[in-house]
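A.B. asks: Build me a model from this:
(one chain, ligands or ions: 2)
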Amino acid sequence: MTDNERITIFDTTLRDGEQSPGCSMNLDEKVRLARQLEALGVDVIEAGFPIASEGDFAAVKAVAAVCRSVTVAALCRTTEQDIVRAGEALEQAAHPRIHTFVATSDIHLEHKLRKTRDEVLEMAGRSVRLARSYADEVEFSAEDATRSDRDFLCEVIAAAVSEGASIINIPDTVGYTTPAEYAELIRTVNERINGDAEGTPVATISVHCHNDLGLAVANSLAAVEAGARQVECTINGIGERAGNAALEEIIMTMHVRADRLPYTNRVRTAEIGPTSRLLSEIIGCAVQPNKAIVGRNAFAHEAGIHQHGVINNPLCYEIMTPESVGMPVDRIVLGKHSGRHALSKRYAALGYSLSTIELDAAYHCFTRLADRKKRIYDQDLLALISEWGRERDGTLNHNASEQPWSDLPSCIEEELISRY
Ligand code: KIV
Ligand code: ZN
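C.D. replies: Ligands and ions are numbered 1, 2, ... in the order given. Purely as a prediction, here's the structure:
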């Protein structure tokens with residue numbers, strides 16, 4: 001692998017992620033999460049937008065003081081006040097980065113900024129020049145780049161680069177682009193900035209995708225294939241509106257499909273689960289159960305055929321292991337689609353080895369219960385057989401040929417159903 005295949009992972013959970021409704025964090029929570037992001041192995045932590053509030057300023061300052069092995073970035077618009085505040089917040093950072101942005105699409109120029117293209121061009125250059133007086137590393141973002149006129153976008157980017165921006169971000173601010181279109185844009189920008197010459201690029205191309213059409217990860221990866229070398233993303237995909245590209249999906253796609261995406265990064269994949277859980281705990285918002293990589297069901301198998309395959313060899317239905325991403329290894333979920341095989345395995349794990357006739361009886365009770373209850377827990381399984389009477393050594397205390405327990409007494413069934 002050459003340096004050119006190394007992807008910088010820029011985490012913006014504390015900034016763009018925190019901007020999503022219900023995801024705000026206080027200073028202590030931000031520092032806790034930032035430490036975990038550092039342990040996860042991201043390269044850049046965007047810690048906040050210092051001009052936005054005293055709280056944001058203090059959080060960026062605290063993260064900059066604590067996280068010494070990563071770059072800490074602070075966001076600002078192009079005004080002097082914004083840039084100075086970002087610079088102050090980063091004073092103690094071991095590796096500071098000022099991230100300045102201005103919109104480049106006509107719709108934003110006309111309806112939000114009320115500026116001409118010439119004015120925006122001047123703002124971009126001036127802001128980077130000032131930011132460079134506070135930090136050696138300056139990132140410039142052309143907000144709403146994917147809906148901007150391409151020539152104007154390239155003009156603004158050229159101005160930012162000539163003033164010393166070494167990272168150029170091309171955000172899909174409104175989640176509008178598609179993988180092929182975005183790849184083409186990235187290729188164009190990369191060629192204009194870095195030419196097609198080999199060697200050290202003049203500026204790193206960064207991508208920042210929102211998920212309004214559910215394409216944030218696909219767009220980011222298409223951009224990497226087209227030459228982008230920094231990906232901006234968030235844990236659990238939180239962020240404005242439908243969120244940002246999910247870090248765990250970007251990382252694991254590059255990991256699992258390294259044959260198609262031969263790029264490297266520093267992320268320790270086993271820290272993905274713990275980071276996801278910490279974020280959920282802090283913001284009080286669980287991820288959807290079927291969320292890729294970190295959802296509760298991402299490694300759960302309920303269908304009998306799948307369970308049988310996974311018990312024999314997880315590779316039958318898993319493209320990565322839960323251990324590799326720090327997720328619980330409890331693969332087998334017992335529900336109405338489960339088969340005898342999984343039930344017998346579960347009882348064995350609980351310390352009970354059932355004979356064929358016992359398993360038949362247990363399965364009969366189990367399916368009746370599963371028809372009425374979405375998920376069957378270990379306690380339910382234990383309750384099912386507790387009725388049968390058991391010696392302390394785990395063998396059943398009954399005469400199997402009599403099958404006295406082939407139906408679960410209805411009072412127990414009712415109790416189990418009402419329990420969870
Ligand atoms: O979505 C966006 O355009 C942004 C920029 C500030 C990078 O978050
Ligand atoms: Zn964004």
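A.B. asks: Look at V102 and give its secondary structure.
C.D. replies: The three-state label for V102, taken from DSSP: H, G, I helix; E, B strand; the rest coil, comes out as strand.
A.B. asks: so which strand or helix has the closest residue to it other than its chain neighbours?
C.D. replies: Spatial nearest neighbour of V102, excluding adjacent residues (CB to CB, 6 or more residues apart in numbering): T78 at 4.8 Å. Where you see a C-beta, it was placed from the backbone N, CA and C, and this is true even at glycine. For T78, there is no helix or strand it lies in under DSSP states H and E.
A.B. asks: Just give me the neighbour total for T78.
C.D. replies: Counted with other CB atoms under 10 Å, residues neighbouring T78 total 21.
A.B. asks: Ok, S162 next?
C.D. replies: Residues within reach of S162, counting by other CB under 10 Å, total 12.
A.B. asks: One more: E163?
C.D. replies: 18.
A.B. asks: Let me see the contact set for it.
C.D. replies: G125, R126, V128, R129, R132 (CB atoms under 8 Å, 6 or more residues apart in numbering).
A.B. asks: Just among the residues you listed, which is most surrounded?
C.D. replies: V128 leads the contacts of E163 on contacts (other CB under 10 Å) with 24 neighbours.
A.B. asks: In this structure that residue contacts F140, no?
C.D. replies: Yes - counting by CB atoms under 8 Å, F140 is a contact partner of V128 at 5.6 Å.
A.B. asks: Now for the two: what residues contact both?
C.D. replies: Here V128 and F140 have T100, A160, A165 as joint contacts, going by CB under 8 Å, 6+ apart.
A.B. asks: host element of the last one?
C.D. replies: If you go by DSSP H and E, A165 is not part of any helix or strand.
A.B. asks: what's the residue nearest to D330 when sequence neighbours are not counted sitting at in phi/psi?
C.D. replies: Using CB to CB, 6+ apart and skipping the chain neighbours, the partner closest in space to D330 is A300 (7.6 Å). When read as degrees, to the nearest 10, the backbone of A300 gives phi -100, psi 140.
A.B. asks: Relative to ligand 1, how far out is A300?
C.D. replies: A300 is 33 Å from ligand 1, where distance means CB to the nearest ligand atom, to the nearest Å.
A.B. asks: For D259, give me the pLDDT.
C.D. replies: Looking at D259, its pLDDT reads 97.
A.B. asks: Can you report how many residues lie near it?
C.D. replies: Neighbour count for D259, taken as other CB under 10 Å: 6.
A.B. asks: now do A348
C.D. replies: Other residues close to A348 by other CB under 10 Å number 11.
A.B. asks: Surely it forms part of a helix?
C.D. replies: Yes - in this structure, A348 lies within a helix as judged by three-state DSSP.
A.B. asks: got a pLDDT number for it?
C.D. replies: 88.
A.B. asks: State the distance from the nearest residue to L247 once chain neighbours are set aside to ligand 1.
C.D. replies: In this structure, L247 finds its nearest non-sequential neighbour in C233, 4.2 Å apart by CB to CB, 6+ apart. According to CB to the nearest ligand atom, C233 stands 12 Å off from ligand 1.
A.B. asks: try S220
C.D. replies: Separation of S220 from ligand 1 (CB to the nearest ligand atom) stands at 13 Å.
A.B. asks: Ok, T356 next?
C.D. replies: The gap separating T356 from ligand 1 is 60 Å, by CB to the nearest ligand atom.
A.B. asks: Now for that residue: which residues touch it?
C.D. replies: Listed by CB under 8 Å, 6+ apart, T356 has no contact partners.
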